[in-house]
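[1] quick one: sequence plus predicted model below, questions after.
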Amino acid sequence: MNTIECQKKNSVLIVDDQSENIHALDNIIKEEYDTQAATSGVRALEIASGNNPPDMILLDIVMPEMDGYEVCRRLKADEQTRDIPVIFVTARNSAEDEEYGFNLGAADYISKPFQPAVVQVRVKSQMERKLAEKRLIEAARLREDVERITRHDLKTPLNAIIGFPRVMMMDDNISAEQLKYLEMIEESGLIMLNMINLSLDMFRMERGMYQFEPVPVNVLQVIRKVVDDTESLATMNNLSVAILISGEPAGSEESFSVQGETLLCYSMLANLIKNAFEASPAGERITVELTEEEEISVISIHNRGTVSQDVRDRFFDKYVTSGKKTGTGLGTYSARLIAEIHGGSIHVETSEEKGTTVTVRLPGKLPVAKDNQRPALIQEIYKPPEVQRQSAGKPSQHLCEIFEVTRFF
């Protein structure tokens with residue numbers, strides 16, 4: 001017996017209150033498929049939700065007690081059975097009847113009196129489609145598992161890459177040049193950690209699995225941190241940055257609150273501000289303005305550059321990039337995901353006359369707590385370097401802090 005003969009046949013459930021119709025359909029398809037039969041809608045639902053559900057259902061419409069439309073409706077409403085293809089087998093073949101059935105979730109129609117060749121072709125077509133979809137789902141699941149394992153495995157060596165430079169900095173004999181190199185190693189490790197965690201969080205956001213835990217976030221403080229971290233880009237292109245609140249320069253003691261996650265806000269704003277630096281003509285000014293619209297906090301980031309015509313309609317789509325040799329097309333896409341996770345929105349306006357403005361709207365302006373009452377994560381993000389070096393005396397604890405705090409750095 002060869003391999004093909006050993007393969008299990010796909011199964012088809014035939015549902016009809018007339019036994020002669022069941023026998024006729026069974027004779028047409030039994031060579032290719034294992035068949036089951038049900039003479040009522042109730043029995044069909046029991047079989048479909050049982051331990052051995054069919055791969056496909058051939059379903060009569062006109063039946064007593066529960067008609068085929070109701071059976072289909074219940075199948076599609078049940079997560080366990082909704083993916084089973086349903087082909088209606090019926091004498092009702094008007095356009096209105098077919099439209100109604102398709103709206104319920106039917107995959108196809110076979111008209112009575114049925115022709116054996118038509119039945120075979122339509123069953124085969126839908127079965128192949130189901131199997132192709134199943135293979136795609138399995139391939140996607142395998143890819144996700146591999147990516148998840150890879151992310152986990154990549155983090156293990158980062159413990160040493162990030163942690164040991166910090167331990168070595170405790171040595172009093174370290175020269176200034178050696179200290180510089182150690183900081184470069186640590187920074188590279190943090191960048192890699194950022195990339196790993198961001199990809200994992202994006203994966204969760206795309207699939208609706210991300211656990212959003214909002215707290216009051218002083219977004220003005222986050223913006224200042226982003227500007228400090230991207231200072232080299234501004235200096236390289238002779239750019240200046242203005243941070244405004246309702247049109248006026250933001251004071252050093254002012255705050256501007258949104259309800260969200262600090263690390264996600266940092267990631268979103270870092271991507272958008274970095275994009276503004278890279279897109280702006282040299283010698284221009286980047287403006288980050290914060291305003292309020294009733295219960296909405298608005299963040300607008302403006303630069304004098306323009307978005308290429310070919311990507312304007314797809315600016316926030318995945319993998320869309322233009323004019324960047326090293327662009328991944330994930331920066332604005334992740335910014336959109338983060339804005340939406342916050343229950344907000346993001347859009348872009350661009351023109352030759354006015355330049356480009358990316359506007360983020362986030363809900364829930366809340367009062368910012370005093371400095372000594374801020375959540376620990378916010379304090380950690382803005383811990384001065386000299387304080388961080390002092391804490392290096394406890395390597396294991398410090399490593400835990402690094403992994404928690406610097407996910408988006």
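    Looks like it came in fine.
[2] contacts, neighbours, all on C-alpha from now
    Will do.
[3] so Val360 sits in a helix?
    No - secondary structure of Val360 (DSSP: H, G, I helix; E, B strand; the rest coil): strand, not part of a helix.
[4] show me the beta-bridge partners of it.
    Ile299, Ile346 (DSSP bridges).
[5] now the residue positioned nearest the centre of the chain. Nearest residue, chain neighbours left out?
    Geometric centre of the chain, nearest residue: Glu206, 1.6 Å, by Cα atoms, centre = their mean. Closest residue to Glu206 apart from its sequence neighbours, by Cα to Cα, 6 or more residues apart in numbering: Leu337 at 7.6 Å.
[6] so what touches the helix or strand where that neighbour lies?
    Taking DSSP states H and E as the criterion, Leu337 maps to helix 331-341. Around helix 331-341, the neighbours that count as contacts under Cα atoms under 8 Å, 6 or more residues apart in numbering are 202, 205-206, 212, 264-265, 267-269, 271-272, 315-319, 345-346, 360-362.
[7] outline the domain layout of the protein.
    9-114, 135-211+382-409, 214-374 (automatic domain parsing).
[8] low-scoring stretches of the chain, by residue?
    For the chain, the stretches flagged by pLDDT under 70 are 1-7, 146-152, 155, 191, 194-195, 198, 323-329, 364-409.
[9] next, the buried residues of stretch 237-247.
    For stretch 237-247, burial by neighbour count (16 or more other Cα atoms under 10 Å) applies to 239, 241, 243-245.
[10] would you list those in TSV and tack on distance to Met63 and secondary structure?
    Converted to TSV, those look like this (distance: Cα to Cα, whole Å; DSSP: H, G, I helix; E, B strand; the rest coil):
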residue	distance to Met63	secondary structure
Leu239	75	coil
Val241	72	strand
Ile243	70	strand
Leu244	69	strand
Ile245	68	strand
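[11] in the stretch 1-150 of the chain, which spans are helices?
    3-6, 19-29, 41-48, 68-77, 95-104, 116-168 (DSSP state H, counting those that start in this stretch).
[12] what's the third one packed up against?
    With contacts defined as 3 or more Cα pairs under 8 Å, 6 or more residues apart in numbering; DSSP states H and E, the packing partners of helix 41-48 are strand 11-15, helix 68-77.
[13] that helix to strand 11-15, inter-axis angle?
    170 degrees (axes from the mean of the first three to the mean of the last three Cα atoms, to 10 degrees).
[14] now the angle from helix 41-48 to helix 68-77?
    30 degrees.
[15] circling back: any chance of CSV for the domains of the chain, columns distance to Val123?
    Below are those laid out as CSV (distance: least, Cα to Cα, whole Å):
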stretch, distance to Val123
domain 9-114, 8
domain 135-211+382-409, 18
domain 214-374, 36
